[in-house]
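1. Sequence and predicted structure are below.
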Amino acid sequence: MLMANVAEATASLQATVPQIAAVLAALVLLLFVIWRFVLGKEESELDGSRREEPASGGNGELQSRSQKKAKGLQRRDHRTQQDTFAHCLLVGSLKGHSEMITSMDWSSNGQHLITCSEDRTLRLWSTREFQNKEHRHSRASIVLDHVTLVRFTSETRVVALWLALADTLRLCKIQRQGDRTLQLVPLCADFPRQHKAEVIAIDIAATGRFLMTASNDTTIILWTMKGVVLSSINTNQMQNFHVAVSPCGRFIGSCGFTPDVKIWEVCFGKTGEFREVTRAFELKGHKAGVVSFAFSNDSTRMVSASKDGTWRLWDTELEFRGQRDPQLLLSVPLTGDPKTLQIALSPDGHVAALASGGDVSVLRTATGEVMETFASLHGGWFAELGSHLSVGSGLEFCSEPHRHLHWM
């Protein structure tokens, strides 16, 4: 009986094996068909994308060539605009940089002007060459970086540089390597990073006692010339628009989103040691944020320009006249875009220059009278506007699109 059951089960199993094999074969075939279908679809999409890539790459290359051609035409147009500007007070134009000029500064003796640019060079110009047709200059290259801010120290051959990519301050001595080549020799290690926002200003006291950096948040930092932090100031102006050290080296001023200019005094002891930074005074009265200000050479006069559409002249000779607050001497409406305003004051405080867009107005501070207007001087905004005692009542300008300077 047992043997009969085993034989029957074996026969039944043998009968179902072909059926199971057939089912498995069908499943394998179905999976193979599905796999081939999916693979074929992916290959089709891949081939389609490959066919599109050359066309896209070709268009991109053509677009890139078109952009380069357009930029070339723009540069030629800029050169044409440079050559067409003329004025009876124009002494000359300094040319040489191939990209935007970012900053400039006079040496303390007025014999040299230094400029920096996005072309990764610094150029040193002699004021003796200004009257010549050809303006010879020397240049130094910045390796793998470019300088956005430059200032001479009290020593003519030492400059402070703010490096854009390294995001740090470097003090360098300028050494000549040939007739027209300069070498920048670092005097100490790069200053440590302290700012958390973009640095918009550096300045150095004429006394050589301290150096200032300021960022576009509310931070001002005072340093020794070796990179040691002396003090940090919070301006509480929501955002700094402009920060500068007075020509006498005694004060620091800042303006920003709030409608005032704040002035601090940097105090040192009799033996030259740093003591403290104290609030000196404020210029109050504007009805909107102040975008620019300037000191006279002895800091007894100041000018300010505001988004409220006015520029103002102030008497800041406080301790000599027993005043507690600066006295407003003049308030004059101004034209142009208030957001692009820059103002400069002559060393004696008698003349101010106001830049807006590509235009510059020269003003008599006693009356507010416009003495001269230079329209479309650069065709764009100004990177920097200033004056210097050693060059008389001259003014110098550098701007974004045309990569050169004018001085009067």
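-> Thanks, I have the structure now. Numbers count the residues shown, from 1 in each chain.

2. going forward, measure contacts and count neighbours with C-alpha atoms only.
-> Fine.

3. List the residue ranges of the stretch 51-200 of the chain that fall below the pLDDT cut-off.
-> Along the stretch 51-200 of the chain, the parts satisfying pLDDT under 70 run over 51-85.

4. Would you map the helices across it?
-> Secondary structure of the stretch 51-200 of the chain by DSSP state H, counting those that start in this stretch: no helices are present.

5. my read: residue 171 touches residue 157, true?
-> No - Residue 171 is not in contact with residue 157 according to Cα atoms under 8 Å; the separation is 10.6 Å.

6. residue contacts, residue 239?
-> Shown in contact with residue 239 (Cα atoms under 8 Å, 6 or more residues apart in numbering): 216-218, 256-257.

7. So which of those are in strands?
-> Among the contacts of residue 239, the residues falling in strands (DSSP state E) are residue 256.

8. mind checking pLDDT for the closest residue to residue 204 other than its chain neighbours?
-> Computed as Cα to Cα, 6 or more residues apart in numbering, the closest residue to residue 204 that is not its neighbour in sequence is residue 211, at 4.4 Å. Here, the pLDDT recorded for residue 211 equals 97.

9. For residue 211, name its beta-bridge partners.
-> As for beta bridges, residue 211 partners with residue 204, residue 223 under DSSP bridges.

10. got the contact list for it?
-> Counted by Cα under 8 Å, 6+ apart, residue 211 has contacts 202-205, 222-225.

11. Quick test: name the residue nearest the centre of this protein.
-> Nearest to the geometric centre of the chain sits residue 148, at 5.3 Å (Cα atoms, centre = their mean).

12. Show the contacting residues for that residue.
-> Contacts of residue 148 (Cα under 8 Å, 6+ apart): 102-103, 116-118, 161-164.

13. so which two of those residues are the farthest from each other?
-> The span of the contacts of residue 148, defined through Cα to Cα, is set by 118 and 161 at 13.2 Å.

14. Quickly list what's touching both of the two.
-> Common contacts of residue 118 and residue 161 (Cα under 8 Å, 6+ apart): 147-148.

15. quick one on the thing from earlier: which residue of residue 171 and residue 157 possesses the greater neighbour count?
-> More crowded of residue 171 and residue 157, by other Cα atoms under 10 Å: residue 171, with 25 against 14.

16. how about CSV for the contacts of residue 211, with neighbour count and pLDDT added?
-> Shown next, in CSV, are those (neighbours: other Cα atoms under 10 Å; pLDDT from 0 to 100):
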residue, neighbour count, pLDDT
202, 23, 98
203, 23, 97
204, 26, 96
205, 21, 96
222, 24, 99
223, 18, 98
224, 16, 97
225, 19, 95
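
17. Closest one of the residues you listed to residue 340?
-> Nearest member of the contacts of residue 211 to residue 340, counting by Cα to Cα, is residue 202, at 19.5 Å.

18. Skip ahead from the lengthiest strand in the chain and say which helix or strand is next.
-> The residue-count maximum for a strand in the chain (DSSP E) belongs to strand 274-284. Using DSSP states H and E, the helix or strand that directly follows strand 274-284 along the chain is strand 290-295.

19. So what touches that following strand?
-> Counting by Cα under 8 Å, 6+ apart, 241-242, 246-247, 255-261, 301-307, 338-339, 341-345, 349 sit against strand 290-295.

20. Would you report which members of those are assigned to strands?
-> Among the contacts of strand 290-295, the members found in strands (DSSP E) are 241-242, 255-256, 260-261, 301-306, 342-345.

21. circling back: which of the contacts of residue 148 tops the neighbour count?
-> residue 116 (28 neighbours).

22. which residue sits closest to that one, ignoring its sequence neighbours?
-> Leaving aside its chain neighbours, residue 116 sits nearest to residue 122 (4.5 Å; criterion: Cα to Cα, 6+ apart).

23. contacting residues around the one you found?
-> Contact analysis of residue 122 by Cα under 8 Å, 6+ apart lists 114-116, 139-142, 147.

24. Quick check: the two most widely separated of the residues you listed?
-> Pairwise distances across the contacts of residue 122 (Cα to Cα) peak at 14.1 Å, for the pair 114 and 142.
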